[in-house]
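what's the 3D shape of this:
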Amino acid sequence: MPLLYTIGKLTVAPALRLAFRPTVEGLEHVPETGGAIFAGNHLSVADELFLGTVVPRHLAFWAKSEYFTGTGAKGAFSKFVLTGLGAIPVERAGGRAALSAFDAAIPALRGGDLVVVYPEGTRSPDGKLYRGRTGAARLAIAAGVPIIPVGTIGTDKAQPIGARVPRPGTAKITVKFGKPLDFTGRPDDRTSLRQMTDEVMSEIQKLTGQEYVPRYAPKRADTDPAAEI
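Okay, the predicted model is just below:
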């Protein structure tokens, strides 16, 4: 586990557990070793924060590539922090540049790391669960790792859109983990990826109880990088 991530686990994580007392279900489905993809619903920018709090292992999360290439003291500090946390840079330009994050995640997963992806592609605008994009399934097939469905409840109330930090006392936070989905040997054609993605979304819906909307959620300008894959 990277040093700065370890420091966060010893400082930020205990503070969040004390302030919010999140409930965790299904933690036994998180493997003690080996790579895996967490595919979860996306209600708030706090989703990944609470996920990192309750999972004992390192999470290789995504961050905008410009945070790695800034100049001056601020840019150097940003690069130092994100590199020290083991973050994966994401190009916001789209196309082949955006796929560099996908390529970077494959060796991380094969090396035994955990990576978080939000298949909806953006935060839910209304608390409903929207149709998933196929990036998580493509990544699972390419890296040869399972997908662990994740359902997070209450983060949209603890840190609604526009709030800078989670607010204690505003919501009960629950994080649920489903049984790993192993797609080993499945083809990676468009139809198969769609079927696998629908399976993942169905398992997420079972965890959260959200109303499912069979269409893509409208994208926001400030989409979380973890939701762009």
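
if I look at residue 32, how far off is residue 57?
8 Å (C-beta to C-beta, to the nearest Å). In short, each C-beta sits where N, CA and C put it, glycine included.

Double-check residue 146 against residue 180; I have them as touching.
Yes - counting by C-beta atoms under 8 Å, a contact exists between residue 146 and residue 180, whose distance comes to 3.9 Å.

what residues do those two have in common as contacts?
Both residue 146 and residue 180 are contacted by residue 36, under the criterion C-beta atoms under 8 Å, 6 or more residues apart in numbering.

okay, the two: which has more neighbours?
When neighbours are counted by other C-beta atoms under 10 Å, residue 146 comes out ahead of the other of residue 146 and residue 180, with 18 against 15.

residues in contact with that one?
With contacts taken as C-beta under 8 Å, 6+ apart, residue 146 has the following neighbours: 36-37, 140, 180-183.

Narrow the residues you listed to those in helices?
Using DSSP state H, the members of these that fall within helices are residue 140.

Could you pick out the buried ones from the contacts of residue 146?
If you count burial by 16 or more other C-beta atoms under 10 Å, the buried members of the contacts of residue 146 come out as 36-37, 140, 181, 183.

quick check, nearest of those residues to residue 219?
Closest approach between the buried ones among the contacts of residue 146 and residue 219, by C-beta to C-beta: residue 37, at 21.4 Å.

Please determine how far that closest one is located from residue 81.
Separation of residue 37 from residue 81 (C-beta to C-beta): 24 Å.

Turn the contacts of residue 146 into JSON lines, columns for distance to residue 211.
Listed next are the contacts of residue 146 as JSON lines, based on distance: C-beta to C-beta, whole Å:
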{"residue": "36", "distance to residue 211": "27"}
{"residue": "37", "distance to residue 211": "24"}
{"residue": "140", "distance to residue 211": "26"}
{"residue": "180", "distance to residue 211": "25"}
{"residue": "181", "distance to residue 211": "22"}
{"residue": "182", "distance to residue 211": "28"}
{"residue": "183", "distance to residue 211": "26"}
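
can you redo the contacts of residue 146 as TSV with pLDDT?
Putting the contacts of residue 146 into TSV (pLDDT from 0 to 100) gives the following:
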residue	pLDDT
36	98
37	97
140	96
180	98
181	98
182	97
183	96
